[in-house]
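Colleague: Give me a 3D structure for the following:
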Amino acid sequence: MNLNGATADQNGSFIYFVYPFIFETKDFQTLKSAISEAQIPAKQNQLLWESQSFPKDDLLFHVANYLNPTGDRPPTACLWKLNETARDILGFRAQWQLITPIGEIPFTFGEAGEGNKAIQLALFQIGVGFLTIRTQPDSNNINNWLNFLHYFRFLEGQQGTHVKAQRRIGFNPDTKQPQIEPFFPELAGGNTLYQTGKVHFGEVVINLLKKSALPPNSLPEVTSKQWWSEIFVPGQMLPFTALFADNLPAEATQTLLYKLQNLFHAKQGNNPAPEDLEFNNPAWLPYASRQWFIFSLEGGSFLAADAPQTDFFRKTLPSHLRDQYFLLFLITLHQRFTLMMLSSKVAMNWLTESNKHDNRQREQIFEEIRNQLLIFTARGYFTQVMQREHHHRCYRQWHQVFQIEQLYQEVNDEVRDMYEYTLMQQTRRLETTIQVIGVAVGTGGIIASSIANYIQQPLSLNPTWKIDTIHPAVLILLLSVAAGVAAGVLTWLSTGGWHWIWNRIKQGDKK
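Modeller: Have a look, this model is predicted:
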């Protein structure tokens, strides 16, 4: 496919890379406060993050309140962008290059390289978060965009990728040339990392999240533990891109759609099956003439081939894609990873070995999982999010691609079945308790009633406490209590008490 004559409109085109993660639900408020107060490393009283609101345009009222609660209601989601000062200090205006096996790609952060909203962070109360990196190649070559889209999503050097950066530190009056030195953000190890070998952008992502959870006025050498866990493919991000391609040959349109759908670089996917190039491909949702949304499990794209030179298609539409359509993508990812997180909790905590969790501990865990599912059902599982037809069609398509309905039904069935099992276990324990008490009381009562008829001596109100002078009624009482306890213990052991003792012994041996 020859794309050499095609170009990307750098003002309308963009790429978001989303790094998804999960965290403990109970830590939401603590993390919210820490992130809101986190300071730029080596800068006093300079906040690292600036609070933002989610886009509200065209959202249904209850969804808007979910994302941006008003009044005294506690937040259910929070959004921040990297402070402008922090953006400059951390080097997001430096000259960056992505090194790939098929070449080097200069790139910039923010809209058209301006650095605006280079990094955003979103946390949902349920325990799902997203770090979004807004970046794009410093080129209008379509092949460079495909290569960058394919390779930059790998954070840990997969497929032989790494990054380089340099920045201007002065001007040499003798050579009349700017002075340039290698650069890497200090919070991610600084220039010393270059001495150890290739550096990866994942270092920036990991350390930025760690620094965000540190308390204010922390010493520079203080580091935070990793407070989150990955929920997608380890070390990989999900891209969301809009590509406004000009001078694109009509015969190359379908092949470019195919490459964007599969996140292929320029040298991949040049021999697709004819069926993969049909315009009725369910992964391609038409928007306007020669314009499509593209859906896949690994990310989403929008392709506009030779879009009309009007304000709507060149300014308004790109703005909608960056805000409303990206928000739809983020909301659906939040639903997808919430359900995956709950399913993972069920799998991790449901073990048949009784020595892993005792029944009461497991019941508490599943009570918490059930409550989280109910909260998600009430506040996060939306059938409709936006008013407009194009937005709703896009949202429903994301639901189909990510199989949200199937995931929800699967998790709902898992949690319901496990919760019902724990209730059954509680009922069994209650029945056992009643059985033990009944046997104990009954045994003691039978013994007491059998012997009581033979007691002739009246009970004195001033008893003596010598063994040989204890009243027979007292002896019968003591005997019935002892017999009842013995009968209760034997009943408990026969109904599972031996297992409990054996498990406790094994747990003690492990400790």
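
Colleague: what's the neighbour count on Met340?
Modeller: 18 (other Cβ atoms under 10 Å). In this view, the C-beta of every residue, glycine as well, is placed from N, C-alpha and C.

Colleague: Check the average confidence over the helix or strand in which it is found, would you?
Modeller: Using DSSP states H and E, Met340 sits in helix 326-349. Mean pLDDT, helix 326-349: 93.

Colleague: low-confidence ranges in the chain?
Modeller: Filtered on pLDDT under 70, the chain yields the residue ranges 1-2, 4, 42-44, 111-116, 194-196, 215-224, 351-360, 423-511.

Colleague: let's see 50
Modeller: Where the chain drops to pLDDT under 50, the residues are 113-115, 219-222, 352-357, 459, 511.

Colleague: then the helix or strand harbouring His392 to PDB, C-alphas only?
Modeller: Taking DSSP H and E as the criterion, the element that holds His392 is helix 389-402. Taking C-alpha atoms only, helix 389-402 is exported to PDB below (Å, rounded to 0.1, in the frame of the first residue of the first chain):
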ATOM      1  CA  GLU A 389     -27.300   9.500  18.200                       C
ATOM      2  CA  HIS A 390     -23.700   9.300  17.000                       C
ATOM      3  CA  HIS A 391     -22.500   9.200  20.600                       C
ATOM      4  CA  HIS A 392     -25.000   6.500  21.600                       C
ATOM      5  CA  ARG A 393     -24.100   4.300  18.700                       C
ATOM      6  CA  CYS A 394     -20.400   4.600  19.500                       C
ATOM      7  CA  TYR A 395     -21.100   3.800  23.100                       C
ATOM      8  CA  ARG A 396     -23.200   0.700  22.300                       C
ATOM      9  CA  GLN A 397     -20.500  -0.500  19.900                       C
ATOM     10  CA  TRP A 398     -17.900  -0.300  22.600                       C
ATOM     11  CA  HIS A 399     -20.200  -2.300  24.800                       C
ATOM     12  CA  GLN A 400     -20.400  -5.000  22.100                       C
ATOM     13  CA  VAL A 401     -16.600  -5.100  21.500                       C
ATOM     14  CA  PHE A 402     -15.700  -5.300  25.200                       C
END
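
Colleague: Buried ones in it, by neighbour count?
Modeller: 390-392, 394-399, 401-402 (16 or more other Cβ atoms under 10 Å).

Colleague: and if you look at stretch 126-146?
Modeller: Judged by neighbour count using 16+ other Cβ under 10 Å, the buried positions of stretch 126-146 are 126-139, 141-146.

Colleague: Same question for stretch 180-200.
Modeller: Counting neighbours by 16+ other Cβ under 10 Å, the buried set in stretch 180-200 is 183-188, 193, 199-200.

Colleague: And for stretch 375-382?
Modeller: 375-376, 379-382.

Colleague: Nearest to Gln120, out of the residues you listed: which one, please.
Modeller: Gly380 (19.5 Å; Cβ to Cβ).

Colleague: if we can go back for a sec, what angle do the helix holding His392 and helix 326-349 make?
Modeller: Here helix 389-402 runs at an angle of 20 degrees relative to helix 326-349 (axes from the mean of the first three to the mean of the last three Cα atoms, to 10 degrees).

Colleague: Could you number the chain from 12 rather than 1 from now on?
Modeller: All set: I'll call the first residue 12, so the last point we hit is now helix 400-413.

Colleague: so what's the residue lying closest to Arg347 once chain neighbours are set aside up against?
Modeller: Closest residue to Arg347 in three dimensions, ignoring its sequence neighbours and counting by Cβ to Cβ, 6 or more residues apart in numbering: Phe413, at 4.6 Å. Contacts here follow Cβ atoms under 8 Å, 6 or more residues apart in numbering; on that basis Phe413 touches 308, 343-344, 346-347.

Colleague: how does it look with 10 Å?
Modeller: Contacts for Phe413 were tallied using Cβ atoms under 10 Å, 6 or more residues apart in numbering; they are 306, 308, 343-344, 346-348, 350-351.

Colleague: Using PyMOL, make a named selection holding only the buried ones among the residues you listed.
Modeller: Buried residues within those, as defined by 16+ other Cβ under 10 Å, are selected in PyMOL through the command that follows:
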select buried, resi 306+343+344+346+347+348+350+351
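
Colleague: As JSON lines, the contacts of Phe413 with distance to Glu289 would be great.
Modeller: Formatted as JSON lines, the contacts of Phe413 follow (distance: Cβ to Cβ, whole Å):
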{"residue": "Phe306", "distance to Glu289": "15"}
{"residue": "Leu308", "distance to Glu289": "20"}
{"residue": "Thr343", "distance to Glu289": "25"}
{"residue": "Leu344", "distance to Glu289": "28"}
{"residue": "Gln346", "distance to Glu289": "29"}
{"residue": "Arg347", "distance to Glu289": "27"}
{"residue": "Phe348", "distance to Glu289": "31"}
{"residue": "Leu350", "distance to Glu289": "31"}
{"residue": "Met351", "distance to Glu289": "31"}
